[in-house]
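> Below is the structure, and that's it, no one-letter string:
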């Protein structure tokens, strides 16, 4: 490999790394595919895994309680959902409008000055 090819490879890797940083852990999913968000126990407490997803309009999102009992409660955004799920059960919602839809577990999160801490997440619909 000559110096020009090495430089091109370095630039491509840098562009890929920057893209990953900008996406910030948001898992993109195609329209029509169901996306599963799991309520799990971690060393630092309960969390949604993944805590953020990016989906197309019309996508069904499923929240599954893998460990523990949780709520899937809408906050911020133009949507309504407040459902309790116990370990082994799930709930779902089909996102038909574009926007950012935030959710949290009432048992394992807190809101302080409009900032959610703990078991908080979001669905970005494009």
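That came in fine, so what should we check first? These figures come from a predicted structure and were not determined experimentally. Numbering: from 1, shown residues only.

> Show me what the residue nearest the centre of the chain bridges to in the sheet.
For the chain, the residue sitting closest to the mean C-alpha position, by C-alpha atoms, centre = their mean, is residue 52 at 1.7 Å. Beta bridges link residue 52 to residue 122 when assigned by DSSP bridges.

> now residue 103
With DSSP bridges as the criterion, residue 103 is bridged to residue 74, residue 121.

> Pull up the gap between it and residue 67, please.
Noted for residue 103: a distance of 18 Å to residue 67, by C-beta to C-beta, to the nearest Å. Every residue, glycine included, has its C-beta placed from N, CA and C.

> Equivalent analysis for residue 80, please.
According to C-beta to C-beta, residue 80 and residue 67 sit 26 Å apart.

> contacting residues around residue 109?
116-120 (C-beta atoms under 8 Å, 6 or more residues apart in numbering).

> repeat for residue 67
Contacts of residue 67 by C-beta under 8 Å, 6+ apart are 39-41, 46, 87.

> Can you tell me which of those comes closest to residue 72?
residue 39 (8.4 Å; C-beta to C-beta).

> okay, now that closest one: neighbour count?
Residues contacting residue 39 under the criterion other C-beta atoms under 10 Å number 26.

> part of a strand, is it?
Yes - with DSSP: H, G, I helix; E, B strand; the rest coil as the criterion, residue 39 is part of a strand.

> Surely it touches residue 85?
Yes - here residue 39 reaches residue 85: they are 7.1 Å apart, a contact under C-beta atoms under 8 Å.

> Give the residues shared as contacts by the two.
Residues touching both residue 39 and residue 85 (C-beta under 8 Å, 6+ apart) are 63-65, 70.
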